[in-house]
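> Please work out how this folds:
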Amino acid sequence: MRVVDIKAELMTEESFRPYGALLARRSGPPDFHGLKSEGWKTPFEIDGSPMLMVLVSRFSGMRFTKLERHFGVSQTFIPLGPVPALLAVAAPTDPGDPEAIPNPEDVHAFVVDGSCGYVLKRGTWHSLDRYPLYPAESRIVILSSNETQVELETKDQPTWRLTQAVDYEERFGVSFQLGV
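The predicted structure follows:
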């Protein structure tokens with residue numbers, strides 16, 4: 001099996017743009033002015049009903065083989081603390097083509113340092129987990145689609161229509177190793 005090393009980069013508004021958007025104060029003018037506050041809107045799309053979940057990711061090393069993408073929601077992730085973790089992503093591919101799977105060399109990684117959240121564009125390929133950088137747990141609030149989550153929890157993968165997953169070990173003989 002071949003191992004693809006992925007060096008994580010800092011998650012910035014510019015570096016993350018191909019995959020989604022950050023939940024943070026942006027460089028441009030605010031979209032909203034309150035009495036004593038300002039707000040910046042972040043795109044979020046959903047087919048169906050919203051679902052909130054708290055995800056706890058435990059330290060388990062930096063190797064993985066699977067990516068997935070969701071068609072009916074632009075998932076949002078909001079860290080609940082400063083435990084740095086790594087996230088692997090690949091740009092969205094044609095949602096109508098199940099063979100449009102990113103090449104292993106097209107997978108990138110970002111450091112999620114807890115200072116802001118992020119929204120994945122519809123169809124952005126992503127690791128199934130966030131990978132804490134040291135033996136601690138990372139806690140993240142996920143805003144997703146109830147229908148997507150129910151499908152993941154109750155249906156067999158060959159019958160999924162809202163999510164596509166690929167195991168790079170089975171398909172390409174590849175595993176990924178994250179690093180900073």
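> Could you report the distance from residue 35 to residue 29?
Per C-beta to C-beta, to the nearest Å, residue 35 is found 17 Å from residue 29. C-beta here means a position set from N, CA and C on the backbone, and glycine is covered the same way.
> And the two? Which one has more around it.
residue 29 (8 against 4; other C-beta atoms under 10 Å).
> From residue 39, how far off is that one?
11 Å.
> May I have the secondary structure class of the residue nearest the centre of the chain?
With distances taken as C-alpha atoms, centre = their mean, residue 126 lies nearest the centre of the chain, 4.7 Å away. Put simply, residue 126 is strand when judged by DSSP: H, G, I helix; E, B strand; the rest coil.
> quick one: contacts for it?
Residue 126 is in contact with 19, 67, 68, 69, 87, 88, 89, 90, 120, counting by C-beta atoms under 8 Å, 6 or more residues apart in numbering.
> quick one, helices of the protein?
In the chain, the helices defined using DSSP state H lie at 13-16, 146-154, 168-172.
> of the ones you listed, which approaches residue 116 most closely?
helix 13-16 (9.4 Å; C-beta to C-beta).
> Off-centre distance for the closest one?
Centroid displacement of helix 13-16 relative to its chain, using C-alpha atoms, centre = their mean, to the nearest Å, is 14 Å.
> Could you list the buried residues of it?
The neighbour-count check on helix 13-16 (16 or more other C-beta atoms under 10 Å) flags residue 16 as buried.
> Other residues contacting that helix?
Against helix 13-16 from outside (C-beta under 8 Å, 6+ apart): 9, 21, 22, 24, 26, 27, 110, 118.
> Quick one: mean pLDDT over that helix.
Averaging pLDDT along helix 13-16 gives 94.
> re the thing from before, sort out which one of the contacts of residue 126 lies nearest residue 159 for me.
Distance to residue 159, by C-beta to C-beta, is smallest for residue 68 among those, at 14.8 Å.
> Counting neighbours, what do you get for the closest one?
16.
> Same question for the one 4 residues further on.
Neighbours of residue 72 under the rule other C-beta under 10 Å: 19.
> From residue 154, how far off is it?
16 Å.
> Which among the contacts of helix 13-16 count as buried?
21, 22, 110, 118.
> what sits against the last one?
Taking C-beta under 8 Å, 6+ apart, we find residue 118 in contact with 11, 16, 20, 21, 22, 23, 76, 77, 87, 112.
> For it, give the beta-bridge partners.
Listed beta-bridge partners, residue 118: residue 22, residue 77 (assigned using DSSP bridges).
> And the pLDDT for it?
For residue 118, the model assigns a pLDDT of 97.
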